[in-house]
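Trainee: The sequence and its predicted three-dimensional model are supplied below.
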Amino acid sequence: MLNYTIRRLLIAIPTLLFISFVIFFIVKLSPSDPTANLPLTIPPEVREKIRESLGVNQPLVVQFYLWLKQLMISEPLYWSNQWFGTNFEVGQRIISYQTRSPVMDIVIQRMPQTLIVVGTSYIVGILIALPIGIISAYRQYSWFDNAGTLVSMIGFSVPPFFSGVLAIVIFSVLLGWLPSIYDTTHTVTDWDSFVVQFKQMIMPVMVLALQTTAQISRFLRASMLDNLNQDYVRTARAKGLKEQTVVLVHVLRNSLIPVITVIALGVPAIFGGAIITEQVFKVNGLGQLLIISIQAGDVPTVQTLTFMFAVLIVLFNLIADVLYGIMDPRIRYD
Amino acid sequence: MKNLKLLLATTAAAAIATTSALADGHEGERGRDGEVKIIYWQAPSTLNPYLSGGTKEVESASLVLESLARFDNTGAIQPWLAESIPTVENGGVAADLTSITWKLKEGVTWSDGTPLTANDAIFTWKYCTDPNGGCAQASYFDGVENMEALDDRTLKISFSAPKPFPYTALVGSESPIIQAAQFADCLGAKAPECTEANFGPIGTGPFTVAEFKPNDVIRFTANENFREAGKPAFASVLFKGGGDAAGAARSVLETGEFDYAWNLQIDPTVLKAMEDKGNGTVVTAFGTSVERLHLNQTDPDPALGDARSTTAKAHPFLTDPNVGKAMSMAIDRALLVEVGYGAGGQVTCNVLPAPEAYASTANDDCKVQDIEGAKKVLEDAGYKDTNGDGIRETPDGMPLKVLYQTSTNAVRQDTQALIKQWWTEIGIETELRNIDASVFFGGDPASPDTFQKFYADIEMYTNNFAGVDPEAYMANWQCKEIPGPDTQWQGSNIQRFCSEEYDALSKKMSETAGLEERAKLAKAMNDMLMQSYSIIPLIHRGGVSAHANSLGGVLISDWDTELWNIQDWYRKK
Amino acid sequence: MPLNLLGKCRVNGVQKRRVHSVSSRNAAFERLQCGGNRLSRTLCTLPSITCELSLQLLLRFFMQGRLRCEIMALVSPSMVASSAPQPTTESAVSGEPVITVDNLHTVFHTQDGDVHAVNGVTFSLRPGELLGVVGESGSGKSVTMMSLLRLLPMPPAEITSGEVHFGGQDLLKLGTNALRDLRGGDVGFIFQDPMTSLNPVFTVGFQLTEPLRIHMGLSKADAMERAVELLELVGIPSARERLKDFPHQFSGGMRQRVMIAIALACDPKLLIADEPTTALDVTVQAQIIELVKELRERLGMAIIWITHDLGVVAGIADRVAVMYGGQIVEYAEVKHLYDDPKHPYTKALLQTLPSHEFAHGDTREERLVSIPGQAPNLKGPLKACPFAPRCEYVHQRCLDENPPMFDVRDGQQSRCWLEDQT
Amino acid sequence: MSAAAETLVRVDDLKMHFPIYAGLLRRQVGAVKAVDGVSFDIYRGETLGLVGESGCGKSTTGRAVLRLYDPTDGSVEFEGGDIAALSEGDMRRMRPRMQMIFQDPQASLNPRMTVGSIISEPLIEHRDMTVQERRERVKELLNAVGLNPDYINRYPHEFSGGQRQRIGIARALALDPDFIVCDEPIAALDVSIQAQVVNLLEDLQQERGLTYLFISHDLSMVRHIADRVAVMYLGKIMELAPRDALFATPRHPYTQALLSAVPVADPDIEANRQRIILTGDVPSPSKPPEGCVFCTRCPLAKKLNDEKCFTTAPQWREIEPGQFVACHFAEMTNDPAVLAEGTPDTV
């Protein structure tokens, strides 16, 4: 397993380099300009100066080389200085066109709220999905299963910009129970502030969780249905085990194998944030950062974020594979 | 000079008005009213307006950074950090118009307690004009040859040529004074490295930055060293960014979570419905923004290759004012306002609709739609539908077909559809096209879809000018400003209008100092443009914002930032 | 040296446990049959440390009242020498039937209509008897056996009528919990495919100790000890180490031995083996058959052995039930069935087999006898003999009426109108 | 089978190794020796039975003979030409002459194709026929395998298992092959149906002079259908003999054990049989034992405890005319003296 993991990590390096190269050129070739969003009152020659100061006019290869150098050398040195108190000479870090500040600082600043909101929603979504998936499969075609199918259909088909706004209209505007705008500066210090935090998280978390629930519960249901028909289930029953044990121990353990890998593969999306939901509830996380950066033609930010996502995706693919090997004793990687 | 006096008089009146508002039982301790919550759905990415010229950055920074003089909600200039407005009369402006001398108010300190000096102003000029800095507001310092401190409080700005309107450098929210001490190491290429300074500039304004999260949220607290006692009334400002206009409007008008929401470009009926909830008020400020059509005076025929949309070949029919006139007459501007802009728009027949003194009334016929008249104009000018397909042809048999492009935006597409319908009625066939805003306004010389390249017959967008002086704006339509391949398609004369007479007027304005005279020139230039029908103005657009009914003192302005008088805001009890 | 100790006993005290097998240097209790506690039929064993207890010690427990047995037959140690060392098959097959099945009907409700998979199956089994159930796929043999302990998914399956008597109860009327106690307790199951019948993600030890813990209430450690004994019993080398292995680490034959160990875990009175060797190679099949034979002699449980292989049955069964169309069409002692099959289907089935006699020269020229036609479609209740369309003796009555079971001789029964002597 | 029979297929030292890669650099660390040096001839018109337990390599051999796999080593001659060396194009031209019938008729037929299109598929590929001709040919084939030609437009699921196997046979026959590899053709069928299919295969052989390589684990069926029988164990052939010789006087201890394990549908015989029960499991084909591959389980090797069995691979030798054995002690296996003592594993 260790061998396998190391080998996969080594293979990932050229893959990621290639991915970053492709992303860079795609982003660069797309018709975006960091000065496009500036007011028209700013004269063209000033715009040109701005572009120059950003380095936009350098040849693509040079820009890519600089970015790569910043990513591979400057950033690690900088963080080494920060964390381990080393004293390396740090070159220029990756600087955002838009804020003119280091991209990584903003990313780190945004990470907590993204992880808290999107991560919570993922966990909540999974926790809701598990019982739904199990019961739907065990009572296939029952009213519960049909209701689960309906909820999943809604979760799959209703986009968050609809469900989110609907939730706001109901719970914020009509009922006035929950805030419609997420306060990212809020800190939890006592019970009251925890309640505030809890209330402002309810809607974004539930809107996002609906999608996770829809996906995972359907997946688990299908997996459970597959396993319920297996011979070993008959064996378990023939041993005189309680139905509960048969389903929750024997069937569930097997059914979770593919589901857990799907869950692991979904984790990078947590870091990626939830662009639309963040926009709707003003949870300014990494998703919102990415979309704003794309709109602003902020290539370094877009490039760095997408590269991070690529790394996470590669990493979690590997984790999913390793988890599979751990969950399923039949799989052995070497 | 009479007019300038007039202008100053208005200023004084406004100042009195402000004071009287304050006298209205709202005085008291600084910070007495707690927190005010402002939502800008486009979030500021930095607090250094010199590094990003975006409105959101300028407006948020204006709570902290101030300039020598600013414009109030009527467009009148107000002394801010300066004691008074220098004029030729009071000797502040040299008679040959080549220098201006500002005197700083006494006792103004930065929020860190250090005194504001003329050197800070000089540093700001150096900061923005450093060739490696990429300063977004560099144009404000155009023509500034030198700045010198006559003493700590006296700043003399010399111009390389006579400057009839000298109130640009360090005037208005877009060129505020930054602290020399804080930015000393941030000149030129080092500017982006000063993240701390860029994200938390020290200023003289009513608030100081407590926390800045780029593209997300800013927390301001009242500046303890602010020069005016008892101001600001609010102890802190939560300046939230992100989301969308509808959400921002909802948070003020429906849920009451926020006190002020900016730039609410949403369906007017929706906005009206929200306002009817009774939580807040929608306010509009009209500046100089005009949504207009540009009629390409050059031929965009793809067959021309590199010569496409260049002065090499004139447009086959749009150079004829009769065609443009008919097109303008066919448009029901009032309907366009109703459908797309609501409170945020007014019908206009001028490309220069404000300030009042500059607004022409010569073209007001356009305010009423006249389809029959339009048809007649075309008919009389020889554009007849000879083959009966419903489309008129030019005398040499070319059909009146136009490609009409604009940026992708729901309101613009609605407008396009309506206009297409009216033009069809008068026998002009219209093909519509929309382009993503970042491409359209992106200015990439390699892209065929930028508004500068103008590979179409007609395009529509909004433009305006900052401040109150139209000289530079009107200079946009000189012949030499026509974009083309030789200038990398840079240039602001988008419709490629060219008239020696116009150029002469422009030149004259750059030499004329008297406000009345300048106004006359500006009107003449406006009328000349209007009558050429190379520009068809549609809507005078205002900034639409909303504030909670409990928020007092809001005087929305389009001449400076909307938050220009935030130190006077208070909570109604 | 084994000895039989038969009796009912009740363990008094905190631990209600059942003595399974006790061995000492001199004597071994092969079976101390215990009826268990009155209400729940929870079975129990003494912890395995007491396996070293001598017979004397056990008797002392009995005298002290810590073990209370209603002794039916106690073979004293002195008798051990004189008694036969191994109970023969004949002696094992005796006494009251372990299980009696009467007129069982099972229907599957499917979208295409009802499939009558079992149509009135009747048989009984005495202790120690091995009943071979032979039939082709779709003949209802597996469904019948699954119906006994209601192991079929319901719905779609439904047992529409019949009675199944086991230990004085009608299993079809038994409550769910009581039924569950029987499954894996008094009735053990072995299934066809040892590859899929074991849960791939749990260790063999876990799967083997599960029934021990729920039916016998053993602690984890005790259950593990017992599991080791069981694996040794079924002939798995280095049993203790292998408990930690997963099913895929065993070969097919070894896996089937594990299945047998699971089935035997709680000393079942009845073992139902559903095609236990079909998925195995012949050499492995031979190993398993030998193992079951041996275990049956040692443990004396009744066995139902379902197979489609007439050869396998010939070697191990006491009696054979041949199934077709969801009914037993012939029911006979194994000797009678092969020497003189009565039902046309049995006859045809035996004839399809290639000749097995080595002496008979070239079998090449003989054509195999085949049964023409297809297996019956069981949609709707049986109205005629299901074999009639393929039967060479078919006559009008076969098409009009499904024949009842006719006694032919010595307990041989055939469901064919040809046997109607009236 | 006359000695002068013409050899149709000659397999010589065929090896089929599947490499195993491991480690950081994915180096080949070993190979699954599925088939490890197998030689036999198949005469025109005969049926060669290939028996063995699962995993012994019999199916792999069948596929390698048809060059569905590219053999690792050795040659497969068809009518004297080495097909292992043929180019892909030449091999394609050879294909119609060699066909295969698969074990699972359910899985090997495309459920979305009609019977007609399944059977005519090879005709489209290899024959230049009009649609009408093809249809006639399919009907003819359906008739030949005992299916109603009117079923031409039905789908596989509408047929029973036995009928599906007939479809598979019809497909194999479509191109008039000379040689058919039957890979466990009756294993998935019910007993009563098995006989039908075997009879059909025999009839077709008679009518068309087909040559079969009949792969099966069912010794009694092989005994019925085959002319000669090869017994495989762990990638090697243990014994190859004419059918009667093999069943009457098996020489290899493995053959003997295999034959004794086959249950006989006769209670009297079963009651009195001396059965040789093999102990232990088949070793992994990636690590076959040194010496004779059967030595780890061989009762004779255990009894004799001769070093040779454990160190030297036995010679493949002809012990009786036509009877080949790979055992050092083949002469002793039927010696009553050796048997009398009884091996520890004889029950």
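Mentor: Now that the structure is in, tell me what you want to look at. Numbering: from 1, shown residues only, chains lettered A, B, ... in the order given.

Trainee: How about the residues of the stretch 101-250 of chain A by chain C?
Mentor: A:230-232, A:234-242, A:250 (C-beta under 8 Å from any C-beta of the partner chain). In this view, the C-beta of every residue, glycine as well, is placed from N, C-alpha and C.

Trainee: One more pass at 6 Å, please.
Mentor: A:231-232, A:235, A:237-240, A:250 (C-beta under 6 Å from any C-beta of the partner chain).

Trainee: From these, which shows the smallest pLDDT?
Mentor: Least confident of these in the model: residue A:240, at 82.

Trainee: so that one sits in a strand?
Mentor: No - counting by DSSP: H, G, I helix; E, B strand; the rest coil, residue A:240 is not part of a strand but coil.

Trainee: residues near it, how many?
Mentor: By other C-beta atoms under 10 Å in any protein chain shown, 25 other residues sit near residue A:240.

Trainee: Going by distance to chain D, which of the residues of the stretch 101-250 of chain A next to chain C wins?
Mentor: Of all those, residue A:231 has the smallest distance to chain D: 17.5 Å, by C-beta to the nearest C-beta.

Trainee: Excluding sequence neighbours, find me the nearest residue to that closest one.
Mentor: residue C:196 (4.0 Å; C-beta to C-beta, 6 or more residues apart in numbering or on different chains).

Trainee: Equivalent analysis for residue B:408, please.
Mentor: Closest to residue B:408 by C-beta to C-beta, 6+ apart is residue B:434, at 4.5 Å.

Trainee: Tell me who's in contact with that neighbour.
Mentor: B:406, B:408, B:413 (C-beta atoms under 6 Å, 6 or more residues apart in numbering or on different chains).

Trainee: So what does it have for phi and psi?
Mentor: Here is the backbone geometry of residue B:434 (degrees, to the nearest 10): phi -130, psi 150.

Trainee: circling back to that earlier point, show me just the buried residues among the contacts of residue B:434.
Mentor: Applying 16 or more other C-beta atoms under 10 Å in any protein chain shown to the contacts of residue B:434, the neighbour count classes residue B:406 as buried.

Trainee: Restricted to strands, list the contacts of residue B:434.
Mentor: Mapping those onto strands (DSSP state E) picks out residue B:406.

Trainee: Return the item of the contacts of residue B:434 having minimum pLDDT.
Mentor: residue B:408 (88).

Trainee: The helix or strand encompassing residue A:21 near chain B anywhere?
Mentor: Using DSSP states H and E, residue A:21 sits within helix A:2-29. No - using C-beta under 6 Å from any C-beta, helix A:2-29 never reaches chain B; the gap is at least 9.8 Å.

Trainee: The residue lying closest to residue B:494 once chain neighbours are set aside in helix, strand or coil?
Mentor: Nearest non-adjacent residue to residue B:494, counting by C-beta to C-beta, 6+ apart: residue B:294, 5.1 Å away. At residue B:294, secondary structure determined by three-state DSSP is strand.

Trainee: these two touch, right, residue B:294 and residue B:460?
Mentor: No - Residue B:294 is beyond contact range of residue B:460, at 7.5 Å (criterion: C-beta atoms under 6 Å).

Trainee: And the pLDDT at residue 166?
Mentor: With no chain named, the answer covers chain A. So, for residue A:166, pLDDT stands at 90.

Trainee: Chain D, not that one
Mentor: 87.

Trainee: Which residues are in contact with residue A:24?
Mentor: Counting by C-beta under 6 Å, 6+ apart, residue A:24 touches A:64, A:303.

Trainee: State the distance from residue B:207 to residue B:70.
Mentor: 16 Å (C-beta to C-beta, to the nearest Å).

Trainee: residue closest to the middle of chain D?
Mentor: residue D:215 (2.4 Å; C-alpha atoms, centre = their mean).

Trainee: Show me what whichever strand or helix holds that one packs onto, helices and strands only.
Mentor: Here residue D:215 sits within strand D:211-216, counting by DSSP H and E. Contact analysis of strand D:211-216 by 3 or more C-beta pairs under 6 Å, 6 or more residues apart in numbering or on different chains; DSSP states H and E lists strand D:47-51, helix D:58-65, strand D:179-183 as its packing neighbours.

Trainee: Columns mean neighbour count and distance to chain B on top of those, output as a markdown table?
Mentor: Below are the helices and strands packed on strand D:211-216 laid out as a markdown table (neighbours: other C-beta atoms under 10 Å in any protein chain shown; distance: least, C-beta to the nearest C-beta, whole Å):
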| stretch | mean neighbour count | distance to chain B |
| --- | --- | --- |
| strand D:47-51 | 28 | 69 |
| helix D:58-65 | 24 | 58 |
| strand D:179-183 | 25 | 61 |
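
Trainee: Identify whichever of the ones you listed lies nearest to residue A:287.
Mentor: Closest to residue A:287 of the helices and strands packed on strand D:211-216 is helix D:58-65 (C-beta to C-beta; 52.5 Å).

Trainee: Assign a three-state SS to residue B:543, would you?
Mentor: strand.

Trainee: Where does pLDDT dip in the stretch 201-347 of chain D?
Mentor: Across the stretch 201-347 of chain D, the ranges flagged by pLDDT under 70 are D:335-347.

Trainee: next structured bit after the helix holding residue A:21?
Mentor: Helix A:2-29 is succeeded, C-terminally, by helix A:44-54 (DSSP H and E).

Trainee: Just give me the neighbour total for the residue of the stretch 401-550 of chain B found nearest chain C.
Mentor: When scored by C-beta to the nearest C-beta, the stretch 401-550 of chain B has residue B:410 as its residue closest to chain C, at 50.5 Å. Around residue B:410 there are 11 other residues, counting by other C-beta under 10 Å.

Trainee: tell me the contacts of residue D:250?
Mentor: With C-beta under 6 Å, 6+ apart, residue D:250 has these contacts: D:256, D:259.
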